[in-house]
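K.L.:
Model the structure of this input:
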Amino acid sequence: MTTLKDIIDEGEVDLDRFNQLFKEVSNYSRLIGTRYVEIRRGYAKAVAEYREELARSGGILHGGAIMGMLDEVSGVAAATVNPGDEQVTIELKINFMRPLHSGNSPYTLEGEVLRSGRTTIVVMGRIYDSEGKLSAVSIGTWYILYDRSKAHLKG
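P.N.:
Residues are numbered from 1 along each chain as shown. The predicted model follows:
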């Protein structure tokens, strides 16, 4: 079975294939409605529309939803440099700068790898409103998971 990492590791990413598989394997991606428009080594870019089910009172996108979007796009960026088999977020900090709502949708999300090591990957995430104004920024760390059963082969 083809995995997201298989598609990323092939080199130039087939975005249609990636988006289709991501929707199949990620309930959260289906919920927030991200669509990836660029994936390359150390970088991922997606777009998402305002969704009422992700809003808090007043029609403003909930901070948790924004953080989840940044976690996702940053995780995809991390996957492009991950030498292991998988990864998990171990830390994510966010600064909210402008509210996101239906009037400034769609949103552009970016994840950019700042540092990639043997055990962790540090990524900066950004989300922009439809006018290109920076609405939130995050910095996070992903822990690289290796198949422990093959540890003896990794030297």
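K.L.:
Show me which residues of the longest helix seen in the chain are buried.
P.N.:
As assigned by DSSP state H, the longest helix anywhere in the chain is helix 63-79. Of the residues in helix 63-79, 65-79 count as buried by neighbour count, 16 or more other C-beta atoms under 10 Å. Yep, even glycine has a C-beta here, placed from its N, CA and C like the rest.
K.L.:
which is the next helix or strand following that helix?
P.N.:
Per DSSP states H and E, helix 63-79 leads on to strand 86-96 as the next helix or strand towards the C-terminus.
K.L.:
which secondary structure elements does the helix or strand that that next one is followed by contact?
P.N.:
Remark: after strand 86-96, the chain's next helix or strand is strand 107-116, criterion DSSP H and E. Contacts defined by 3 or more C-beta pairs under 8 Å, 6 or more residues apart in numbering; DSSP states H and E place strand 107-116 against strand 43-48, helix 63-79, strand 120-128.
K.L.:
one step back: helices or strands up against the longest helix of the chain?
P.N.:
Helices and strands touching helix 63-79, as assessed by 3+ C-beta pairs under 8 Å, 6+ apart, comprise helix 4-9, helix 27-32, strand 43-48, strand 86-96, strand 107-116, strand 120-128, strand 134-145.
K.L.:
can you put the ones you listed in a markdown table and add mean neighbour count?
P.N.:
A markdown table is the format used below for those (neighbours: other C-beta atoms under 10 Å):
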| stretch | mean neighbour count |
| --- | --- |
| helix 4-9 | 16 |
| helix 27-32 | 14 |
| strand 43-48 | 22 |
| strand 86-96 | 14 |
| strand 107-116 | 19 |
| strand 120-128 | 21 |
| strand 134-145 | 19 |
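K.L.:
Which one of the ones you listed has the poorest average confidence?
P.N.:
Comparing mean pLDDT across the helices and strands packed on helix 63-79, the weakest is helix 4-9, with a mean of 78.
K.L.:
And whichever helix or strand comes after that one, how far out from the chain middle?
P.N.:
Elements were assigned by DSSP H and E; along the chain past helix 4-9, the next helix or strand is helix 15-25. Remark: helix 15-25 is offset 13 Å from the chain centroid, using C-alpha atoms, centre = their mean, to the nearest Å.
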